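Participant: here's a sequence, model it:
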Amino acid sequence: MSDRQSLNDIAKASARSSFYLFLGQSISTVLLAVTTILIGRLLGPENYGIYTVALTVPSLLLEVSDLGISSALVRFIAKLCSEGKHGEATRLSKIGILFKTLTSIGVSLVFLLLSGEIATVILKRPEISLFVGVGALYLLGQAILGTINAIYIGLDRTEISGFLVNVQAVSKAFVSIILIILGYGVMGALLGIGFSPLFTAVVGILLLLRVLKRFRQTNTSNHSSFLEGLRPMLAYGTPLYASNLLVSLLPQYYGLILAYFVSNEAIGNYATAMNFSVLVSVITTPLATALFPAFSKISIQKNRESVERMFRLAVKYTSLIVIPTSIALALFSKELVTILYGSSFNDAPNYLSLYALHFLTAGLGMLVLGNFFNGQGDTKTVFKVGLVRFFSSLILSPVFTSFDGVRGLIVSILISQLASTILALLLSKRIYKVEIDFSSSLRICVSSFLSAMVIMVLLNIFTISILPIKLLILGSIYIATFLVVAPLIGAINREDIQYLRNSIEGLSIIRPFAMILLGFEMALLSLVKR
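Facilitator: Okay, the predicted model is just below:
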């Protein structure tokens, strides 16, 4: 198989993975949002507060207990399967599940035994120790489920991963709401959130046994022991785990900084703005997740030309999606906040518009660089980049927040993200000699800003008072304008359209609509050529 054929196959697999992850995450996000609203309304403010506090420590421990195994499973399984070593991939999957199950049981038991002390000393609420202890179920189930999802991603079976996400969302909604209605209150809600990942993990394991059973047991002469199989995963995952742990601590640190420098009202507006970042993460998370196994399948030492091309195209195509989306988020921030939260959150739209600039670093490879390093097995570089982001935020955020409140904090976040992305870009060039296509990223930014300028003019003209209708009309015009401008200034070319056509061949659900859209882009390019 030629390098070009290999790259096309990987592109198809990545497009398929991104689509199913996006579909699963989008549906589950809606389901979980509705469930959260219903639980909040049924419990009331005080009990909902107890429910939220009881889950604080388990959620934090979930980040601490992974040890990088999930990421290691994605990388090694994707690599082994691309080499036809399905027997080794099967054994590695079993080792990963066994290790995470044992460690999760240990962490959950310790948490359960110390739940009284945690409620008294850390949470300052000794009366909720029983509720805190129930969080051990959530900790156990979610840790095992995360491992199973990592295996499916490595196997390129993201349709099952997307299915499991929705099984968890539905089971959480069903059990929590039924138990609350039956009079179990906070305990019912916590049992629902504890039961759902455990139930989903069982479903995931049963499906995984069927998937792995289909593999031919090739390359099974190397019967590595449990420790021999675990050792390389820990060596790979530890730097990545340390980096992710540091970065995961930043939101809590930002909360402390804001609590010290700004008012409760300003914090409320900031929290509201941050809630909208989920709209972009629904897009960015599937894209980034699919890129990880893609870069794990081919080594730059063996296929330099293919990896370099895939790197440039990955940056370009993620930018084509993320940059116009982030500009739209900034552009329609006021309408979005008003529709969902009302007009009392006066500063939230400004905070959201400023924070949306954070996603423009996708044009510099923000979503691609980490997955490129991880896919090549270079987690030490990821750790270095994570350190830069962590320490720059640690130093800059209190300084900037003291001068300009929430806006200052957001600016410090933008600077730390930009600094870490530029460092990753420089390291990718120095270590691997790969570079992004700056011209393409610039053209995509220009297309997005020109489209935004058209909407800014129309915003002053349109007098529609019904905001959802106004948002729908102007949003459609923004998308249409971008689709016209992008090919006209060279942000999209004929090669891109052909490549995208090949990538979506296996996606029968969206292929008809996508082909019409790509045909329109090709027609515009033909007009430009004339």
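Participant: grab the nearest non-local neighbour of Thr29.
Facilitator: Val282 (5.8 Å; Cβ to Cβ, 6 or more residues apart in numbering). Just so you know, the C-beta spots here come from the backbone N, C-alpha and C atoms, and that holds for glycine as well.
Participant: try Val53
Facilitator: Nearest one to Val53, counting by Cβ to Cβ, 6+ apart, is Leu123 at 5.8 Å.
Participant: what's around that neighbour, how many residues?
Facilitator: Using other Cβ atoms under 10 Å, Leu123 has 19 other residues around it.
Participant: my guess is Ile160 contacts Leu207, does it?
Facilitator: Yes: Ile160 is within contact range of Leu207, at 5.8 Å (criterion: Cβ atoms under 8 Å).
Participant: neighbour-wise, which of those two wins?
Facilitator: The neighbour count for Ile160 versus Leu207, taken as other Cβ under 10 Å, is higher for Ile160 (22 against 16).
Participant: got phi/psi on that one?
Facilitator: Ile160 adopts backbone torsions of phi -70, psi -40, taken as degrees, to the nearest 10.
Participant: can you pull the contacts of the closest residue to it other than its chain neighbours?
Facilitator: With sequence-adjacent residues excluded and distances taken as Cβ to Cβ, 6+ apart, Ile160 is closest to Tyr152, at 5.1 Å. Applying Cβ atoms under 8 Å, 6 or more residues apart in numbering to Tyr152 gives the contacts 158, 160-161, 164, 204, 208, 211.
Participant: do Val485 as well
Facilitator: Val485 neighbours (Cβ under 8 Å, 6+ apart): 447, 450-451, 491.
Participant: could you rerun that using 10 Å?
Facilitator: By Cβ atoms under 10 Å, 6 or more residues apart in numbering, the contact list for Val485 reads 324, 443, 446-451, 454, 491-492, 524.
Participant: okay, and it sits in which element?
Facilitator: Using DSSP states H and E, Val485 falls within helix 467-488.
Participant: show me what the next helix or strand after that helix is packed against.
Facilitator: Using DSSP H and E, the helix or strand that follows helix 467-488 in sequence is helix 494-503. For helix 494-503, the packing partners by 3 or more Cβ pairs under 10 Å, 6 or more residues apart in numbering; DSSP states H and E come out as helix 3-54, helix 304-331, helix 467-488, helix 511-529.
Participant: and these: which comes nearest Ala424?
Facilitator: Ala424 sits nearest to helix 304-331 of all the helices and strands packed on helix 494-503, at 11.6 Å, using Cβ to Cβ.
Participant: give me the angle between that closest one and helix 467-488.
Facilitator: Angle of helix 304-331 versus helix 467-488, following axes from the mean of the first three to the mean of the last three Cα atoms, to 10 degrees, is 140 degrees.
Participant: so which bits of helix 304-331 are buried?
Facilitator: Residues of helix 304-331 classed as buried: 306-307, 309-331 (neighbour count, 16 or more other Cβ atoms under 10 Å).
Participant: skipping its backbone neighbours, what lies nearest Val107 in space?
Facilitator: Ser65 (4.9 Å).
Participant: what count of nearby residues applies to the one you found?
Facilitator: So Ser65, with other Cβ under 10 Å, has 20 neighbours.
Participant: report the buried residues of the helix or strand Leu112 falls within.
Facilitator: Using DSSP H and E, the element containing Leu112 is helix 86-113. Under the neighbour-count criterion of 16+ other Cβ under 10 Å, helix 86-113 has 86-93, 95-97, 99-101, 103-104, 107-108, 111-112 buried.
Participant: swap in stretch 175-188?
Facilitator: 175-177, 179-180, 185-188.
Participant: and which of those is nearest Ser476?
Facilitator: Ile177 (35.4 Å).
Participant: contact partners for the nearest residue to that closest one once chain neighbours are set aside?
Facilitator: Of all residues not flanking Ile177 in the chain, Leu38 sits nearest, at 5.8 Å (Cβ to Cβ, 6+ apart). Counting by Cβ under 10 Å, 6+ apart, Leu38 touches 173, 176-177, 180.
Participant: ok and the lengthiest helix in the chain relative to helix 304-331, angle-wise?
Facilitator: Selection of the longest helix in the chain by residue count, based on DSSP state H, yields helix 379-432. Angle between the axes of helix 379-432 and helix 304-331 is 110 degrees (criterion: the same axes, to 10 degrees).
Participant: so how far is helix 379-432 off the chain centroid?
Facilitator: Here helix 379-432 is found 19 Å from its chain centre; the criterion is Cα atoms, centre = their mean, to the nearest Å.
Participant: ditto for stretch 266-278
Facilitator: That offset, for stretch 266-278, works out to 18 Å (Cα atoms, centre = their mean).
Participant: report the buried residues of it.
Facilitator: 266-267, 269-270, 272-274, 276-277.
Participant: which outside residues touch it?
Facilitator: So stretch 266-278 is contacted by 25, 29, 33, 251, 254-255, 258-259, 261-263, 284-285, 326, 329, 333, 336-337, 340-341, 344-356, 358-359, 405-407, 409-410 (Cβ under 10 Å, 6+ apart).
Participant: give me that answer again for 8 Å
Facilitator: 29, 255, 258-259, 262, 329, 333, 336-337, 341, 345-349, 351-352, 355, 405-406, 409.
Participant: out of those, which are inside strands?
Facilitator: Using DSSP state E, no member of the contacts of stretch 266-278 sits in strands.
Participant: report the central residue of this structure.
Facilitator: Thr285 (2.7 Å; Cα atoms, centre = their mean).
Participant: what's the helix or strand for it?
Facilitator: helix 277-296.
Participant: now that helix against helix 304-331, angle please.
Facilitator: Using the same axes, to 10 degrees: helix 277-296 against helix 304-331 is 180 degrees.
Participant: buried set for helix 277-296?
Facilitator: For helix 277-296, by 16+ other Cβ under 10 Å, it's 277, 279-280, 282-296.
Participant: about what we covered before: right, and the helix or strand after the longest helix of the chain?
Facilitator: helix 438-459.
Participant: so for that following helix, what's the average pLDDT?
Facilitator: Helix 438-459 carries an average pLDDT of 90.
Participant: now do stretch 419-435
Facilitator: On average, stretch 419-435 scores 91.
Participant: contact partners of that stretch?
Facilitator: With Cβ under 8 Å, 6+ apart as the criterion, stretch 419-435 contacts 300, 307-308, 311-312, 361, 364-366, 369-370, 372-373, 376, 378, 381, 384-386, 388-389, 392, 436.
Participant: and the chain, what are its domains?
Facilitator: Domain ranges of the chain: 1-224, 235-437, 438-529, per automatic domain parsing.
Participant: pull the distance from the first one to the chain's centre.
Facilitator: What it means is domain 1-224. That offset, for domain 1-224, works out to 14 Å (Cα atoms, centre = their mean).
Participant: cool, stretch 443-453 as well?
Facilitator: For stretch 443-453, the distance to the chain centre is 25 Å (Cα atoms, centre = their mean).
Participant: output it as CSV, nothing but the C-alphas.
Facilitator: What follows is stretch 443-453 as a C-alpha-only set of coordinates in CSV (Å, rounded to 0.1, in the frame of the first residue of the first chain):
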residue,chain,number,x,y,z
ARG,A,443,-6.7,32.8,4.7
ILE,A,444,-9.1,31.0,7.0
CYS,A,445,-8.9,33.7,9.6
VAL,A,446,-9.4,36.4,6.9
SER,A,447,-12.5,34.5,5.5
SER,A,448,-14.0,34.3,9.0
PHE,A,449,-13.4,38.0,9.8
LEU,A,450,-14.8,39.2,6.5
SER,A,451,-17.9,37.1,7.1
ALA,A,452,-18.2,38.5,10.5
MET,A,453,-18.0,42.1,9.2
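Participant: thanks a lot, see you next time.
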